[in-house]
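Trainee: coordinates for the following, if possible.
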Amino acid sequence: MNLRKEAKDRECQVNILDHCNNNPDTVVLAHPNNKRLFKCGMSMKVPDIFGAYCCSSCHDVIDGRQTTGWTDAQILIWFHEGIFKTQHILLDEGKIKI
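Mentor: Below you'll find the model as predicted:
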């Protein structure tokens, strides 16, 4: 199962207030970049199971390409909630199993 392809035409699950574009055409599977939790870097991505369905606007905020009035901690909370909501969707659809 290619979880990245599953993101096509989905609703954003990150929903950063005042920034989410609510456009399913821009949704991708966004991955965290936390070197303390995951082995990640130039050529290594976090496993797809830890990704969130994320629109281009929320993704820009998460990756620091767009500034906001929100704290880094609040943005991280939205992102982590998006990961959990994405996992819940995939579980409900039987695309991942516990």
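
Trainee: doesn't V46 fall inside a strand?
Mentor: No: secondary structure of V46 (DSSP: H, G, I helix; E, B strand; the rest coil): coil, not part of a strand.

Trainee: just the C-alphas of the helix or strand Q87 falls within, formatted as PDB.
Mentor: Q87 is part of helix 72-92 when elements are defined by DSSP states H and E. Taking Å, rounded to 0.1, in the frame of the first residue of the first chain, the C-alpha atoms of helix 72-92 are listed here in PDB:
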ATOM      1  CA  ASP A  72       6.300  26.400  17.000                       C
ATOM      2  CA  ALA A  73       4.700  24.400  19.800                       C
ATOM      3  CA  GLN A  74       1.100  25.100  18.500                       C
ATOM      4  CA  ILE A  75       2.100  24.300  14.900                       C
ATOM      5  CA  LEU A  76       3.600  21.000  16.100                       C
ATOM      6  CA  ILE A  77       0.400  20.200  18.000                       C
ATOM      7  CA  TRP A  78      -1.700  20.700  14.900                       C
ATOM      8  CA  PHE A  79       0.700  18.600  12.900                       C
ATOM      9  CA  HIS A  80       0.700  15.700  15.400                       C
ATOM     10  CA  GLU A  81      -3.100  15.800  15.600                       C
ATOM     11  CA  GLY A  82      -3.100  15.600  11.800                       C
ATOM     12  CA  ILE A  83      -0.900  12.500  11.900                       C
ATOM     13  CA  PHE A  84      -3.200  10.900  14.400                       C
ATOM     14  CA  LYS A  85      -6.300  11.800  12.400                       C
ATOM     15  CA  THR A  86      -4.700  10.500   9.200                       C
ATOM     16  CA  GLN A  87      -3.800   7.200  11.000                       C
ATOM     17  CA  HIS A  88      -7.400   6.900  12.200                       C
ATOM     18  CA  ILE A  89      -8.800   7.400   8.700                       C
ATOM     19  CA  LEU A  90      -6.400   4.700   7.300                       C
ATOM     20  CA  LEU A  91      -7.400   2.300  10.100                       C
ATOM     21  CA  ASP A  92     -11.100   2.800   9.500                       C
END
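
Trainee: contacts for that helix next, please.
Mentor: 3, 6, 10, 12-17, 29-30, 32, 49-54, 58, 61-62, 68, 96-98 (C-beta atoms under 8 Å, 6 or more residues apart in numbering). For the C-beta atoms, the positions are set from N, CA and C on the backbone; glycine is no exception.
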